[in-house]
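# Quick one, fold the following:
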Amino acid sequence: MSDYIVRAIAANQQIRAFAAVTTDLVEKARVSHNTSPVATAALGRLLTGGAMMGVMMKGDKDLLTIQIKASGPLEGITVTADSHGNVKGYVGNPNVVIPANAKGKLDVAGAVGIGLMNVIKDMGLKEPYNGQTVLQTSEIAEDLTYYFATSEQVPSAVGLGVLMNKENTVRQAGGFIVQLMPFADEETIAKLEENVQKITSVTNLLEQDPTAEGLLKAVLDGFDMEISETIPTQFHCNCTKERVEKALISIGRKDLNEMIQEGKPIELNCHFCNTNYEFTVEELKEILKKSKR
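Here you go, the predicted model:
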């Protein structure tokens, strides 16, 4: 198993925790979208957070979408995850290049800018759950921490990191989410806060021990920890030519006729994985026959 998520409990079930290694999936996203280093870091952080939040959902068909709409040159990020560890996503501007921040690191906050985060959970109910928060730092991990505290009323700590090689491939990617249960005692809360404050960088931890278990050991140092589940995670898009064809059928006869009259094949692009699908004029005529309006 290359990329995976572990789910754990600690401190006599007062803490639940998730940790993920996502190096391969973030690299696949980088290749799919040809992202610049800072765009890879931003997208990779949200993909990692989204993958862990996805497996928190219980339903087989539950879907989670996280949208960041902000003022920065990245022009927003969208990530979708399911409860099986599949995650996909894209940024508005994959080519963004900006100077490093004051610490000499990739300036994710500068690329993202000021704005809002929407978390949408489609769990098969009449209406999907929608939580919206203002971005706090635009570094993504702190923004998810704030989202959990305000929208879900769950005290949490989120750590996310993406480290790039000099040739702009992904060297390390991963993260953790630790959450306190409502019955957590003061001693547990204080100890966990102390542990989290000691962690300066997720990628530094991954450089020392490139495992999800290693991340959890650092965050849950001094607690008894029990890993309850290990889930593979991957960058996976469920788009197919058939699904794109259904989208074409839905646009209506008038628009399809105009495409056919132009006499040229058309190409449609999937935002999530950047795959292009071509439809010939003959295929468009067949689609027109299936269209009812």
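
# Point out the other helices and strands that the longest strand along the chain packs with.
In the chain, assigned by DSSP state E, the strand with the most residues is strand 170-180. Judged by 3 or more CB pairs under 8 Å, 6 or more residues apart in numbering; DSSP states H and E, strand 170-180 is in contact with strand 15-21, helix 23-33, helix 37-56, helix 141-151, strand 156-164, helix 186-198, helix 202-208, helix 212-219. (Glycine included, C-beta is placed from N, CA and C.)

# And the fourth one, what's buried?
Just to be clear, that refers to helix 141-151. Within helix 141-151, the residues that count as buried by 16 or more other CB atoms under 10 Å are Ala141, Glu142, Asp143, Leu144, Thr145, Tyr146, Tyr147, Phe148.

# quick one: buried residues of the longest strand of the chain?
By 16+ other CB under 10 Å, the buried positions in strand 170-180 come out as Val170, Arg171, Gln172, Ala173, Gly174, Gly175, Phe176, Ile177, Val178, Gln179, Leu180.

# of these, closest to Leu64?
Within these, the smallest distance to Leu64 is 12.9 Å, found for Ile177 (CB to CB).

# partners of the closest one in the sheet?
Per DSSP bridges, the residues bridged to Ile177 are Phe18, Val158.

# Neighbours of Asn274, how many?
Using other CB atoms under 10 Å, Asn274 has 15 neighbouring residues.

# pretty sure it is touching His33, no?
Yes. Between Asn274 and His33 there is a contact at 5.3 Å, judged by CB atoms under 8 Å.

# hey, what's in contact with both of those two?
Residues touching both Asn274 and His33 by CB atoms under 8 Å, 6 or more residues apart in numbering: Tyr90.

# quick one, what contacts Gly49?
Counting by CB under 8 Å, 6+ apart, the residues that Gly49 touches are Ile66, Val79, Ile140, Ala141, Leu144, Val158, Leu160, Gly175, Ile177.

# let's see it at 10 Å
Listed by CB atoms under 10 Å, 6 or more residues apart in numbering, the contact partners of Gly49 are 18, 20, 22, 66, 79, 81, 87, 140-141, 143-145, 147, 158-160, 175-177.

# Then Glu139?
Taking CB under 10 Å, 6+ apart as the test, what Glu139 contacts is Ala41, Ala42, Arg45, Asn101, Asp107, Val108, Ala109, Val112, Leu160.

# Show me where the stretch 51-200 of the chain dips below the pLDDT cut-off.
Within the stretch 51-200 of the chain, not a single segment meets pLDDT under 70.

# Please convert the buried residues of strand 170-180 to a markdown table, extending it with distance to Ile9.
Below are the buried residues of strand 170-180 laid out as a markdown table (distance: CB to CB, whole Å):
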| residue | distance to Ile9 |
| --- | --- |
| Val170 | 30 |
| Arg171 | 31 |
| Gln172 | 26 |
| Ala173 | 25 |
| Gly174 | 20 |
| Gly175 | 18 |
| Phe176 | 14 |
| Ile177 | 13 |
| Val178 | 11 |
| Gln179 | 10 |
| Leu180 | 12 |
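
# ok, so of those, who is nearest Glu282?
Nearest to Glu282 among those, with distances taken as CB to CB, is Val170, at 41.3 Å.
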